[in-house]
Every structure is written in C-alpha cells, then in structure tokens.
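>>> 3D model of this:
(2 chains)
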Amino acid sequence: MTAVNLITGFLGSGKTTLLKRLLADPSLSDTAVLINEFGEIGLDHHLLERIDDNIVLLQSGCLCCTIRGELADALRSLHSKRERGEVPWFRRVVIESTGLADPFPILSTIHADPVLRHHFQLGHVVTVVDAVNGDFQLDEYEQSIRQAAIADRLVLTKTGLAGPSATYSLVERLRALNPLAPLVNAEDDDVDADALLCTDVFDISCKTLMAQQWFAAERTPPSWLPPGDPALADVDVDADTELPPREGRYLGQQRRTRPAANRHDAAIRAFSIELSEPLDWTRFGIWMTMLVHRHGSNILRIKGILNVQGSATPVAVHGVQHLIHPPVHMAAWPDDERQSRLVFIVKGLEHQTTARSLNAFVTALAPAS
Amino acid sequence: MCGLCGVLGGPRHWTDAPARPGVFTRNTGEMQRRRERRNRVVQLGRVLRHYGVRVEDWQASSFVLSNLTGGSELVEDLAHLWAATERLSGCACDPLDPGLIDALEASRG
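Okay, here's the model as predicted:
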C-alpha cells in the first residue's frame, strides 16, 4: 500500500515553499507529487525546481470540487506508470491542495475509489498555518479551521516574521482546535520529510511511536517554544478538561481573552473519553458506526488507543468525519496506562453525552449467550 | 463476486477489515468471522429493537433488516445498516439520543 499524504493550508500559508524544501530532502526522492492549482494558469509548479515524471500538475481548479475526476485519474495513471516502469518507483504520494480545498473530499476519494483503495492508503494530513495571517484566517474562514482540526501534523510558517507574541497566541488557538497533531515550526532546520510524511500506514513498528506522538502533542508544548517564556507558566495540560474554545492549553493563568464574536471555531472542541475496563470490539463497532453515520460531518477527528478484550496488544483507531481507517495493532502500549482512550475533535457534540452513550453501548449490551 | 448470489467482494468496512499484517480484525478465519457475525447480530438486535426493526444474518455476508409492517432491506455491512434502519423505522438513528441511552441503561438492569 502506498501512503498518500496531503499538504493543505490556506492561500499564501507557505505550502509550496514547504514542498519545495521537502523536495530538496534526499529521502523524498521516492515520492510522487501531485500539485493542484486554482485558476486557469498553474504557477506553483514553476516555483518547484525539481520537475520530473513523478510530479503531476492538476489544473482544473479546486481539488475538492474535482475529486471524482482528475485526482482519481492522476493517481490511477501514476500507479499504472509505476507498474509498467515508466516512472521511477515511488513509495509514497504527496498531494499539495489549493488553499481553498476542504480536505475531507480528497481523503474520501482515495478511500472510496474502487481501484485506488486497493493500492493507496491515506497517510498524513499536513496543514500549513501562516503565523502572520493565521489568526485572521481562522477568524474569517471556516475552511481554515477545518484544515487545522483535521491535521496529523501542523506546520507553522513565518514565525520569525510574526514575532513571539502572535506565535504564542496562534499556538494556543491551534492547540485548542487540535490537541493531537504535533506542531512543527517550519523555520527549524531539522524539519524533514520523514517527520511530516507517512510512508507505510500499516507499519506495526511505527504505530507505538505514532500513538505516543498523538498524546505527547496533547500534553506538552512544542519543543521549539522557549521554556522560559512567561506565557508558558502554569501550564494546563489536563487532558480530561474540556477547555472552552477561547482558552488555550499552554497559557494557564495568563490566558488571553478574545472577543467571541465572529469566531468560527467557537463550537469546535476537543475532548477525550477513557474507559478503564477492556472494550468489547463488537459493541464498540456498533456504537462508532452509528455515531459517524449520524454525526460524521461534525466529527473532524477521532484518534484512540483501545484495550480490546482478547487482544494482548493495544489497537489504534483513527478517523476523519465519516471515514474510519482500518484499525491497527500496535506493538506495545505507549506508557503504563492500560485503559482505552479516545480523543475527539468535534463541532457541537457534547462531551458528557458522548461519553455516556459510549458507556451505555459497551456495558449495557450484554454478551451473546 | 459470488456466482450464485451476486454479492460483490472487495475491501470491506473497517469493522470487517480483511486480515493483513498490522490490521486488527476479527476477520481472521471462517470460524472467527462467523462467531463475530453471530455476536454482532445479537448485539445489534438490542439496539434496533428501540426502532422496531429486527436484524438477521444472511448467508454470512449481509444483514436482513425488517420492520413490523413487513418492510425489509438487505445491507452489506454496518456502514449501510443505519441508513436502512432509518428508512424502515422513520426515525433518526442517533447514539446520543437520550431516549436510546436511557433504554440501554435500563436494559442493563
């Protein structure tokens, strides 16, 4: 299975700059790149120095509007050419979307296409956020909130230009929107392809690390934030605390307040549910399918590590809206805790009701006699 | 595709994921798969009765849903089951519905 990674982010956020930098990384030499451009004349591909047979330009407009056609065709074509040896072998694909694209239809295309689903699996969603304009874009455009909330990796660009105060403020806001994704500063020298992009979605050895990263990102501030900054004092990292949308996880008593009006992210929140008893997989599947059927469009992200009855090792699940990935075995537990833990990034769903519902399903449905 | 019943094969829903290295699934062998389906039918029945809908296994490959007025639908997996239940019952299937949660908690006794 070839992992398909999506680089998304709002217009002007620095997606092409990031891609250009990644393409210079030798470890990206076995990666096919699809570039989508909005408008009649594509420009972004001219900004990339390395143009070869593995770079495909999609020119028919916004990717999320043309999903059934050009993206699927391009991926099928790349696969066929690879099989025939007409393009160098690649082990992963990177799609650079337009700033206007809703990431979900792109992911859905790969998952639902009867041909693509046999050969491609979703990798990481890398969302690029501009530290100078990010706050404004999150205020004004719901699409940018969806892009941030859905991310597996958040890359902050132009932090030097924005300055520490604006950067901290944006980090605070992004953490409230998406506590799971590791936050990377693009101005760090050590940002490389392997840190951002996924190669093998079923690689068991990386699953424990992946899960550790999910929850480490939730619990700790990015390492590139100076530890001595007063804004980081009195860190509030209680994963069980459902933070009001305008409160951050890193600014404890010194939280900055903002006017609540005109904030698209007011209803988006992250919460976690923990279950101490081993989970019945059948009942969990019934609950989860019912939940995404009714509320999938409001579930931006689900990630979890489950202690499943009868399984010696933990099981990792993750999904985006209506789409749940095949659950994967992890090699070992990421820490000493053996309880199931699910983290949700949702729009409008109530934490307590969701937790009560899951508990009712997994405990009230008696085992089959 | 099965030549007798016309059921299409291919990658399944995540709750029936094909067995492959790294993937967690109960789809690891015929006995295990049938045991899981039997258990699923029993568990589903306890939820679907809240909507006046019954569920039965069909050929170990699909589920037959039926309502009290004789309506029925065949669905392949859990991805399609909830929409079919809504059509048969006329009710929205919402796991966060307090009425459903109360009923499940009450059934726990």
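
>>> can you pull the contacts of the most centrally placed residue in chain B?
Closest to where the C-alpha atoms of chain B average out (CA atoms, centre = their mean) is residue B:78, at 4.8 Å. Contact partners of residue B:78, counting by CB atoms under 8 Å, 6 or more residues apart in numbering or on different chains, are A:285, A:286, A:289, B:13, B:15, B:40. Just so you know, the C-beta spots here come from the backbone N, C-alpha and C atoms, and that holds for glycine as well.

>>> 6 Å - rerun?
A:289, B:13, B:15 (CB atoms under 6 Å, 6 or more residues apart in numbering or on different chains).

>>> Hmm, residue B:104 is touching residue A:358, no?
No. Residue B:104 is beyond contact range of residue A:358, at 10.8 Å (criterion: CB atoms under 6 Å).

>>> Now the common contact residues for the two.
In contact with both residue B:104 and residue A:358: no residue, using CB under 6 Å, 6+ apart.

>>> quick check, stretch A:353-360 touching chain B?
Yes. Using CB under 6 Å from any CB of the partner chain, stretch A:353-360 reaches chain B at A:353, A:356, A:357, A:360.

>>> where are the low-confidence patches of chain B?
B:1-11, B:109 (pLDDT under 70).

>>> distance from the centroid: which residue in it tops it?
residue B:21 (25.4 Å).

>>> Let me see the contact set for residue 96.
Chain wasn't specified; assuming chain A. Contacts of residue A:96 (CB under 6 Å, 6+ apart): A:7, A:15, A:19, A:35.

>>> Not quite, go with chain B.
Taking CB under 6 Å, 6+ apart as the test, what residue B:96 contacts is A:353, A:357.

>>> Residues of chain B that sit close to chain A?
So far as CB under 6 Å from any CB goes, chain B lies against chain A at B:11, B:14-15, B:17, B:22-24, B:39-40, B:42-43, B:46, B:78, B:82, B:93-96, B:101, B:104-105, B:107-108.

>>> Just to be sure, which of the residues you listed are found in helices?
Secondary structure defined by DSSP state H assigns B:39, B:40, B:42, B:43, B:46, B:78, B:82, B:101, B:104, B:105, B:107 of the residues of chain B next to chain A to helices.

>>> Mark which of the residues you listed are buried, thanks.
B:39, B:40, B:42, B:43, B:46, B:78, B:82, B:101, B:104 (16 or more other CB atoms under 10 Å in any protein chain shown).

>>> Going by residue numbers, what spans are strands in the stretch 251-369 of chain A?
Here the stretch 251-369 of chain A has its strands, by DSSP state E, counting those that start in this stretch, at A:268-275, A:299-306, A:315-320, A:323-324, A:328-329, A:340-347.

>>> Chain neighbours aside, what residue packs nearest to residue A:149?
Leaving aside its chain neighbours, residue A:149 sits nearest to residue A:300 (4.0 Å; criterion: CB to CB, 6 or more residues apart in numbering or on different chains).

>>> Quick check: the one you found touching residue A:151?
No. Look at residue A:300 against residue A:151 with CB under 6 Å: they stay out of range, at 9.6 Å.

>>> higher neighbour count, these two?
Per other CB atoms under 10 Å in any protein chain shown, whichever of residue A:300 and residue A:151 has more neighbours is residue A:151, with 29 against 25.

>>> The residue lying closest to that one once chain neighbours are set aside is in what secondary structure piece?
Distances taken as CB to CB, 6+ apart put residue A:127 closest to residue A:151, at 3.7 Å, once the chain neighbours are dropped. Element membership for residue A:127 (DSSP states H and E) is strand A:120-130.

>>> what sits up against that strand?
A:1-9, A:13-15, A:18, A:103, A:107, A:110, A:147-148, A:150-158, A:196-198, A:201.

>>> Now do the longest helix along chain A against strand A:340-347, angle only.
In chain A, assigned by DSSP H, the helix with the most residues is helix A:159-177. With axes from the mean of the first three to the mean of the last three CA atoms, to 10 degrees defining the directions, helix A:159-177 sits at 110 degrees from strand A:340-347.

>>> next helix or strand past helix A:159-177?
strand A:183-185.

>>> avg pLDDT for that following strand?
The average of the pLDDT scores along strand A:183-185 is 89.

>>> Tell me the strands beside it, with direction?
When sheet partners are counted by DSSP bridges, strand A:183-185 sits next to strand A:153-157 (parallel).

>>> CA-only coordinates of the partner strand in PDB, if you can.
What follows is strand A:153-157, C-alpha atoms only, in PDB (Å, rounded to 0.1, in the frame of the first residue of the first chain):
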ATOM      1  CA  ARG A 153       0.800  17.500  11.500                       C
ATOM      2  CA  LEU A 154       0.600  21.200  11.900                       C
ATOM      3  CA  VAL A 155       3.400  23.300  10.400                       C
ATOM      4  CA  LEU A 156       3.700  26.900  11.500                       C
ATOM      5  CA  THR A 157       5.300  29.200   8.900                       C
END
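
>>> List of residues touching that strand?
Strand A:153-157 is contacted by residues A:14, A:124, A:126-131, A:174, A:181-186, A:196 when judged by CB under 6 Å, 6+ apart.

>>> any idea which of those is closest to chain B?
Nearest to chain B among these: residue A:124, at 16.7 Å, using CB to the nearest CB.

>>> Can you get me a residue count around that closest one?
If you count neighbours by other CB under 10 Å, residue A:124 ends up with 22.

>>> Flag every residue of chain A that's near chain B.
A:117, A:202, A:204, A:282-283, A:285-287, A:289-291, A:293-294, A:315, A:324, A:326-329, A:353, A:356-357, A:360, A:364-365, A:368.

>>> Using ChimeraX, define a selection of the buried residues within those.
Restricted to buried positions by 16+ other CB under 10 Å, the ChimeraX selection for the residues of chain A next to chain B reads:
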select /A:117,202,282,283,285,286,287,289,290,291,293,294,315,324,326,327,328,329,356,357,360,364,365
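
>>> Restricted to helices, list the residues of chain A next to chain B.
Among the residues of chain A next to chain B, the residues falling in helices (DSSP H) are A:117, A:204, A:282-283, A:285-287, A:289-291, A:293-294, A:353, A:356-357, A:360, A:364.

>>> where do the strands sit along chain B?
B:53-58, B:62-67, B:72-75 (DSSP state E).

>>> Could you export the contacts of residue A:96 as a markdown table, including secondary structure, distance to residue A:79 and neighbour count?
A markdown table is the format used below for those (DSSP: H, G, I helix; E, B strand; the rest coil; distance: CB to CB, whole Å; neighbours: other CB atoms under 10 Å in any protein chain shown):
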| residue | secondary structure | distance to residue A:79 | neighbour count |
| --- | --- | --- | --- |
| A:7 | strand | 20 | 25 |
| A:15 | helix | 24 | 25 |
| A:19 | helix | 21 | 22 |
| A:35 | strand | 18 | 26 |
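
>>> what's the closest of these to residue B:89?
Of all those, residue A:7 has the smallest distance to residue B:89: 43.2 Å, by CB to CB.

>>> Please name the nearest non-neighbouring residue to residue B:66.
Counting by CB to CB, 6+ apart, the nearest residue to residue B:66 once its immediate chain neighbours are dropped is residue B:72, at 4.1 Å.

>>> wait, the one you found sits on residue B:63?
No. Between residue B:72 and residue B:63 there is no contact under CB under 6 Å: 10.6 Å.

>>> higher neighbour count, the two?
residue B:63 (22 against 14).

>>> ok, back up a step: now distance to residue A:308 too, for the ones in helices among the residues of chain B next to chain A, in CSV please.
CSV is the format used below for these (distance: CB to CB, whole Å):
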residue, distance to residue A:308
B:39, 14
B:40, 15
B:42, 18
B:43, 15
B:46, 20
B:78, 17
B:82, 22
B:101, 23
B:104, 20
B:105, 23
B:107, 23
